[in-house]
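Q: Coordinates for the following, if possible.
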Amino acid sequence: MALQTTIKNKMVCQGVGVHTGILSTLTLLPAPEGTGVVFRRTDHAGIAGVVPARYDRVTDTRLGTTIGNVYGVKVHTVEHLMAAIIGCGVTNVICEIDGPEVPIMDGSSAPFVFLLECAGLVQQSAPQRAVRIRETVRVEDGDKYAELSPGIGFSAELEIAFENCPVIDRQFYSFDLDPMAFKAELARARTFGFRHEVEYLQSQGHALGGSLTNSIVVDGDRIMNEGGLRYSDEFVRHKLLDVVGDMSLAGAPIFGTFRGFKTGHALNNRLLRELFARRSAWEMVTLHARRTAPAADRYAAMLAAAE
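A: As a prediction, this is how the structure comes out:
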């Protein structure tokens, strides 16, 4: 979609936060052109409750991605909702929430995709803006790495490695972002953890909302969830879903290729900070495309004029 997009109708859901265990109500609202994705904590008055969904507002990457504002107001675990928003092609939406954490729902982006589809999408008049990658940017942490390089549209490839866990072992997945592919390939992949880690976190006051209804739990060489996995490689697909959500915090769609090995929320955010710190590595572009362009030519038609 070369035009900015919002939702047609308000949609509401309710659920617990996987880490806080607090029940909250999430309301998705249409937003004017140029708004981007904005969270609004309704339990805080006025501007104090407004938190833009941007990489430079990330305050914590332990156990998930948390964003906050100068008033100290935070929204935890935004990545699955953010992945659904950009995965569905939505550019402008207000996310009202009356608690500190986005509901975990079933641990994937699928419930949020369903909400957005029920809301309906509407194209707006203004063209989309995008971040076009001009130079390769890479960040590392030991053997882990994440990088962005020039590309057409947004594509991503990721490898994970859990050598001491035969249920997961090493998995690789690559993906080209568009709404149909996101829904079919990534949206249903759930977050996961290990039984001993979950038990420890809960003993320390974390993961209070976690359960087998919203997380895959691995215990030794078995999956504890009744029904097993949704995909044979659900683990790497979920990690790639997290990448999509974290990269959406660029504030605009990225035109480039993401590659990663054992990356997580912290390294993903470091990558965006490094990207935007290197002014020669990126440019903002305005997308122009004919509505009638054939699908095969959808990116060729998006002749971008750098500003």
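Q: I'd like to know how many residues surround Thr25.
A: Other residues near Thr25 number 14, with proximity taken as other C-beta atoms under 10 Å. Yep, even glycine has a C-beta here, placed from its N, CA and C like the rest.
Q: ok, and what's touching the helix or strand harbouring it?
A: Counting by DSSP states H and E, the element that carries Thr25 is strand 23-30. Residues outside strand 23-30 that contact it (C-beta atoms under 8 Å, 6 or more residues apart in numbering): 6-17, 81, 92-103, 115-116, 119, 122.
Q: Got a ChimeraX select line for the buried ones in the residues you listed?
A: Selection of buried members from the contacts of strand 23-30 for ChimeraX, criterion 16 or more other C-beta atoms under 10 Å:
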select :6,7,11,13,15,16,17,81,92,93,94,95,96,97,98,99,100,101,102,103,115,116,119
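Q: now, which of the contacts of strand 23-30 lie within helices?
A: Judged by DSSP state H, the subset of these located in helices is Leu81, Leu115, Leu116, Ala119.
Q: thinking again about what came up before, name the residues of the strand holding Thr25 that come out as buried.
A: Buried residues in strand 23-30, counting neighbours by 16+ other C-beta under 10 Å, are found at Ser24, Leu26, Thr27, Leu28, Leu29, Pro30.
Q: check which helix or strand covers the residue nearest the centre of the chain.
A: If you average the C-alpha coordinates of the chain and look for the closest C-alpha using C-alpha atoms, centre = their mean, you land on Gly245, 1.1 Å from that point. Assigned by DSSP H and E, Gly245 belongs to helix 234-247.
Q: Just the CA coordinates for that helix, please, in PDB.
A: As requested, C-alpha coordinates have been extracted for helix 234-247 and formatted as PDB (Å, rounded to 0.1, in the frame of the first residue of the first chain):
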ATOM      1  CA  GLU A 234       7.100 -22.200  15.400                       C
ATOM      2  CA  PHE A 235      10.000 -21.100  17.500                       C
ATOM      3  CA  VAL A 236      12.000 -19.300  14.800                       C
ATOM      4  CA  ARG A 237       8.700 -18.000  13.300                       C
ATOM      5  CA  HIS A 238       7.900 -16.300  16.600                       C
ATOM      6  CA  LYS A 239      11.300 -14.800  16.900                       C
ATOM      7  CA  LEU A 240      10.900 -13.400  13.400                       C
ATOM      8  CA  LEU A 241       7.500 -12.000  14.400                       C
ATOM      9  CA  ASP A 242       9.300 -10.200  17.200                       C
ATOM     10  CA  VAL A 243      11.700  -8.800  14.700                       C
ATOM     11  CA  VAL A 244       8.800  -7.400  12.600                       C
ATOM     12  CA  GLY A 245       7.300  -5.800  15.700                       C
ATOM     13  CA  ASP A 246      10.600  -4.400  16.900                       C
ATOM     14  CA  MET A 247      11.500  -3.000  13.500                       C
END
